[in-house]
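Q: quick one, fold the following:
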Amino acid sequence: MSVADLIVTATLTAPQHIGTSPASLLWLLPLTAAFSITYKATTLPTITAHAFIKEVALLFGSIIVFMAVTALVLFAVAWIFTS
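A: Okay, here's the model as predicted:
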């Protein structure tokens, strides 16, 4: 095993600290995009560029909207119980 392989392996042994700031939620966007692309690539019966991009964008948008609505509802519930 080379030194580069050991360095890469060593970096994967501990979780990365992302933080709890609102800006850290932007890390959800590439994760959601990767999930949408992978899911649609495995579930569409035939893949054409136009249909694939449309389906991925629709799934990506619906996941983001669902997460935003869920966050707002949880924020409202927490605000009601803490005030």
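Q: contacts, neighbours, all on C-alpha from now
A: Noted.
Q: quick one, helices of this structure?
A: 3-11, 28-43, 49-82 (DSSP state H).
Q: quick one: the last one to helix 28-43, angle?
A: Going back to what we said before, that points to helix 49-82. Calculated by axes from the mean of the first three to the mean of the last three CA atoms, to 10 degrees, helix 49-82 forms an angle of 130 degrees with helix 28-43.
Q: flag every buried residue along helix 49-82.
A: Judged by neighbour count (16 or more other CA atoms under 10 Å), helix 49-82 contains these buried residues: 52, 55-56, 59-60, 63-64.
Q: which other helices and strands does it contact?
A: Secondary structure elements in contact with helix 49-82, counted by 3 or more CA pairs under 8 Å, 6 or more residues apart in numbering; DSSP states H and E, are helix 28-43.
Q: distance between the helix it packs on and the chain's centre?
A: The gap between where helix 28-43 is centred and where its chain is centred comes out at 8 Å by CA atoms, centre = their mean, to the nearest Å.
Q: and it, which residues are buried?
A: 32-33, 36-37, 40.
Q: got the CA coordinates for that helix in CSV?
A: Extracted C-alpha coordinates of helix 28-43, given in CSV (Å, rounded to 0.1, in the frame of the first residue of the first chain):
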residue,chain,number,x,y,z
LEU,A,28,-27.7,18.8,1.5
LEU,A,29,-27.9,20.1,-2.0
PRO,A,30,-25.2,18.0,-3.6
LEU,A,31,-26.3,14.9,-1.6
THR,A,32,-29.9,15.4,-2.8
ALA,A,33,-28.7,15.9,-6.4
ALA,A,34,-26.6,12.7,-6.3
PHE,A,35,-29.5,10.8,-4.8
SER,A,36,-31.9,12.1,-7.5
ILE,A,37,-29.6,11.3,-10.3
THR,A,38,-28.8,7.8,-9.0
TYR,A,39,-32.5,7.0,-8.3
LYS,A,40,-33.8,8.1,-11.6
ALA,A,41,-30.9,6.4,-13.5
THR,A,42,-31.9,3.1,-11.9
THR,A,43,-35.7,3.4,-12.2
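Q: start at 19 instead
A: With the count now opening at 19, the last piece we talked about shows up as helix 46-61.
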